[in-house]
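Trainee: What follows is a predicted protein model with its sequence.
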Amino acid sequence: MAVESWDYVIIGAGSAGCVLANRLTADGTTRVLLLEAGGPDKSMLVRMPAGVGSLISAKGEYNWGFWTEPEPHLDGRRLWWPRGKGWGGSSSINGMIYIRGHARDYDLWRQMGLPGWGYADVLPYFKRAESLEGGGDDWHGGEGPLHISKAPATHPVFSRFVAAGVEAGYKATKDFNGFQQEGFGPYQLTIKDGRRWSAASAYLHPAMNRPNLTCLTGARTTRILIEAGRAVGVEFVQSGETRQVRADGEVLLCAGAVQSPQILQLSGIGDPEHLAEVGIETRHALRGVGANLQDHLDASLSWETKGVKTAYSYSAGINQLVTGLNYLLFGKGYGRQNFLESGAFLKSRPDLDRPDLQLHTVLAIMKNHGKDQVAKDGFTVHVCQLRPESRGRVGLRSADPFDDPAIFANYLAAEEDRRALREGVKMVRDVVSQPALASLRGPELFPGPGVATDAEIDAWIRQAGETIYHPVGTCRMGVAGDPGAVVDAELRLIGLGGLRVVDASVMPTLVGGNTNAPTIMIAEKAADMITGRAPPAPDMASYEEQAAA
């Protein structure tokens, strides 16, 4: 049987894969095959913003539901790691918060020797992707496929949290993605007309009827095919049948920070010592594959509310059915909300050049990713350290491509990480104690008043800290001669032709915020690199304004 061939084979229909599927087929002639292990994004829980809690907390059709290895600095706990499965990937199960990160995050990449990745260079790609509610401006695009709404943040918990931050002496900001990131304010959201606007909604669905795009679901990639020092195709399993396809141009690996290194290692690309441990022949030695893992560790503080309804009241008992039917039949009600509308970016110490803490305010009492239900009205403030010094890795458990990967996050290995998160807990408590929240603030449930000293706070973080779903860095960009680099500045795999990695795994360092927006930007930029289009001119005016802020 002849093996089918395509110009490009994309592995993974997550955020990056959806962008590339759209952009590479826009000319009507370039033939693209998109392989996705999951299925279509057809569930109401995916469409309905309020469905995020159910999607994040359970392994299933839309969530790979990984677990880390025992974490040595978190009392040996194994942590739950949700990762999106199916069209849209993690953009179909995430909290829908749209954050780019700080300008200096990208300038750091440029200073690491990666041309074209400074903030002035990447800002035009963010703008290309965006369609900001109300129209574009100096900081935002107004005509892109990704709809960005402005959270109203009118619920008393959200609005008073921002007011409390100002009372505590912090700045206020109207746009975390604009001139000033630092301070308290409302979030921007990937929600359009009360519906989750994932990368699949923005990029994949509009391209589905193009004759030069083929999407296969239930197609689990088992390895990348290599011949004579070049990636030439992909092997995958669909409906129990092993199949192979060829890529006349390139294989584009877009499986995310966990599964991109997993697929490379299954293909014999990685650290020869690790590959030998699991019985895989090394086809291309690249020691950085799977290393440099970074993630945002999160500590969640919760309070009851007094006289104010929150997500619990909207979903308890018969109200859950009412909320679901109201959304399904009329597109109205609390199902339109993600219950995550305000937050903050703060410095844990004044000498820092940019915020190193991010706060997310949730209109619910959150415990263990929502797996443990608390039958009370209340709110939670998540605090995460934005730039951890700790590094982990992703490896293989075995040579079986259907085994889950081995995730060693190695949280809190660095003292600075422990200090910053401890300080963040104290800062959140100070904000919540302000007069603006007094009338609705009930008792602190988690960690509770019994956790007060530094040692007690540290112990609680070890017992309760969890991921806030932002792993990056496991196939990082680097320069020639860098032994830990996996791809170059154009995302080409170092030393092996015909293969690029395009997803959050290529980030050399974590950005200061949620990672979906940067992943989409990376794919927009990669599309130009792949097709040979000249990049847009750097946006120096906006860059200089924010860099000076």
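Mentor: Received, thanks. Residues are numbered from 1 along each chain as shown.
Trainee: Just give the closest residue to G14, not the sequence neighbours.
Mentor: G89 (2.3 Å; CB to CB, 6 or more residues apart in numbering). The way it works is simple: take the backbone N, C-alpha and C, and place the C-beta from them, glycine included.
Trainee: and that neighbour, how many neighbours?
Mentor: A count of neighbours around G89, defined by other CB atoms under 10 Å, yields 33.
Trainee: same question, the one 5 residues further on
Mentor: Burial of N94, expressed as a neighbour count using other CB under 10 Å, amounts to 24.
Trainee: In terms of pLDDT, where does the residue nearest to it when sequence neighbours are not counted sit?
Mentor: Leaving aside its sequence neighbours, N94 sits nearest to N516 (CB to CB, 6+ apart; 5.9 Å). As predicted, N516 sits at a pLDDT of 98.
Trainee: Phi and psi next, for the nearest residue to G450 once chain neighbours are set aside.
Mentor: Using CB to CB, 6+ apart and skipping the chain neighbours, the partner closest in space to G450 is E456 (7.4 Å). Main-chain dihedrals, E456, degrees, to the nearest 10: phi -70, psi -40.
Trainee: Work out for me the element the closest residue to R429 other than its chain neighbours sits within.
Mentor: In space, and not counting its chain neighbours, R429 is closest to L301: 7.0 Å by CB to CB, 6+ apart. Assessed by DSSP states H and E, L301 sits inside strand 297-305.
Trainee: Sheet partners, orientation included, of that strand?
Mentor: The strands that strand 297-305 pairs with in its sheet are strand 378-385 (antiparallel), strand 441-446 (antiparallel), strand 466-467 (antiparallel) (by DSSP bridges).
Trainee: I'd assumed V162 was in a helix, is it?
Mentor: Yes: counting by DSSP: H, G, I helix; E, B strand; the rest coil, V162 is found in a helix.
Trainee: which residues does the residue nearest to it when sequence neighbours are not counted bridge with?
Mentor: In space, V162 comes closest to F184 once its chain neighbours are excluded; the distance is 4.5 Å by CB to CB, 6+ apart. For F184, the beta-bridge partners are A172, A344 (DSSP bridges).
Trainee: F184 touches R160, doesn't it?
Mentor: No: in this structure F184 lies outside contact range of R160 using CB atoms under 8 Å: 10.7 Å.
Trainee: Give me the common contacts of these two.
Mentor: Shared contacts of F184 and R160, defined by CB atoms under 8 Å, 6 or more residues apart in numbering, are absent.
Trainee: which residues touch the next helix or strand after the strand holding L301?
Mentor: Once the chain leaves strand 297-305, the next helix or strand it forms, by DSSP H and E, is helix 311-315. When contacts are defined by CB under 8 Å, 6+ apart, helix 311-315 is touched by residues 50, 53, 319, 323, 334, 339, 362-365, 374-378.
Trainee: which among those end up buried?
Mentor: The neighbour count (16 or more other CB atoms under 10 Å) marks 50, 53, 323, 334, 339, 362-365, 374, 376-378 as buried among those.
Trainee: So which of those sits lowest on pLDDT?
Mentor: Confidence by pLDDT is poorest for T323 among the buried ones among the contacts of helix 311-315, given 79.
Trainee: element containing that one?
Mentor: Counting by DSSP H and E, the element that carries T323 is helix 318-330.
Trainee: And that helix, what's buried?
Mentor: T323, G324, Y327.
Trainee: Which helix or strand lies directly C-terminal to the strand ranked longest in the chain?
Mentor: The longest strand of the chain (DSSP state E) is strand 241-253. Next along the chain after strand 241-253, taking DSSP H and E as the criterion, comes helix 256-266.
Trainee: For that next one, the averaged confidence score.
Mentor: 99.
Trainee: what's the spacing between D372 and L445?
Mentor: Separation of D372 from L445 (CB to CB, to the nearest Å): 12 Å.
Trainee: neighbour-wise, which of those two wins?
Mentor: Higher neighbour count among D372 and L445: L445, with 16 against 10, using other CB under 10 Å.
Trainee: Show the contacting residues for that one.
Mentor: L445 makes contacts with S302, W303, E304, I365, V374, K376, G378, as judged by CB under 8 Å, 6+ apart.
Trainee: Show me which of those residues is closest to A168.
Mentor: Nearest to A168 among those: W303, at 15.5 Å, using CB to CB.
Trainee: ok, the closest one touching V374?
Mentor: No: if you go by CB under 8 Å, W303 and V374 don't touch, sitting 11.3 Å apart.
Trainee: Quick check: chain neighbours aside, which residue is closest to S43?
Mentor: Nearest one to S43, counting by CB to CB, 6+ apart, is Y62 at 6.7 Å.
Trainee: What about that neighbour, how many residues nearby?
Mentor: 28.
Trainee: thought it was touching V46?
Mentor: Yes: using CB under 8 Å, Y62 makes contact with V46 at a distance of 6.4 Å.
Trainee: where do the contact lists of the two overlap?
Mentor: L55, S92, I93.
Trainee: just the residues you listed now: which is nearest V245?
Mentor: Nearest to V245 among the shared contacts of Y62 and V46, counting by CB to CB, is S92 at 24.6 Å.
Trainee: Show me what the lengthiest helix in the chain is packed up against.
Mentor: Counting by DSSP state H, the longest helix found in the chain is helix 415-432. Where contact means 3 or more CB pairs under 8 Å, 6 or more residues apart in numbering; DSSP states H and E, helix 415-432 is packed against helix 156-167, strand 297-305, strand 342-346, strand 357-362, strand 378-385, strand 441-446, helix 454-464.
Trainee: Including distance to R393, could those go into CSV?
Mentor: CSV is the format used below for these (distance: least, CB to CB, whole Å):
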stretch, distance to R393
helix 156-167, 36
strand 297-305, 16
strand 342-346, 28
strand 357-362, 24
strand 378-385, 19
strand 441-446, 30
helix 454-464, 21
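Trainee: wait, which of these is closest to H147?
Mentor: Across these, H147 has its closest neighbour in strand 342-346 (19.8 Å, CB to CB).
Trainee: who's in contact with the residue nearest to G14?
Mentor: Listed by CB under 8 Å, 6+ apart, the contact partners of G89 are G12, A13, G14, S15, G17, C18, R83, A199, G256.
Trainee: and if you look at N94?
Mentor: Going by CB under 8 Å, 6+ apart, N94 touches V52, I56, G84, Y469, N514, N516.
Trainee: S239 too?
Mentor: Counted by CB under 8 Å, 6+ apart, S239 has contacts G218.
Trainee: Would you mark the buried spots in stretch 194-210?
Mentor: Buried positions in stretch 194-210, judged by neighbour count with 16+ other CB under 10 Å: 194-205, 207, 210.
Trainee: Out of these, which sit inside strands?
Mentor: R195, R196.
Trainee: would a markdown table of the buried residues of stretch 194-210 with pLDDT and distance to T154 be doable?
Mentor: Converted to a markdown table, the buried residues of stretch 194-210 look like this (pLDDT from 0 to 100; distance: CB to CB, whole Å):
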| residue | pLDDT | distance to T154 |
| --- | --- | --- |
| G194 | 96 | 15 |
| R195 | 97 | 20 |
| R196 | 98 | 20 |
| W197 | 98 | 21 |
| S198 | 98 | 25 |
| A199 | 98 | 28 |
| A200 | 98 | 29 |
| S201 | 98 | 25 |
| A202 | 98 | 26 |
| Y203 | 99 | 31 |
| L204 | 98 | 33 |
| H205 | 98 | 31 |
| A207 | 98 | 36 |
| R210 | 98 | 41 |
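Trainee: from the buried residues of stretch 194-210, which single one is nearest A504?
Mentor: The closest of the buried residues of stretch 194-210 to A504 turns out to be A199 (CB to CB; 12.4 Å).
Trainee: The closest one and M521 touch, don't they?
Mentor: No: contact criterion CB under 8 Å: A199 and M521 do not qualify, at 11.6 Å.
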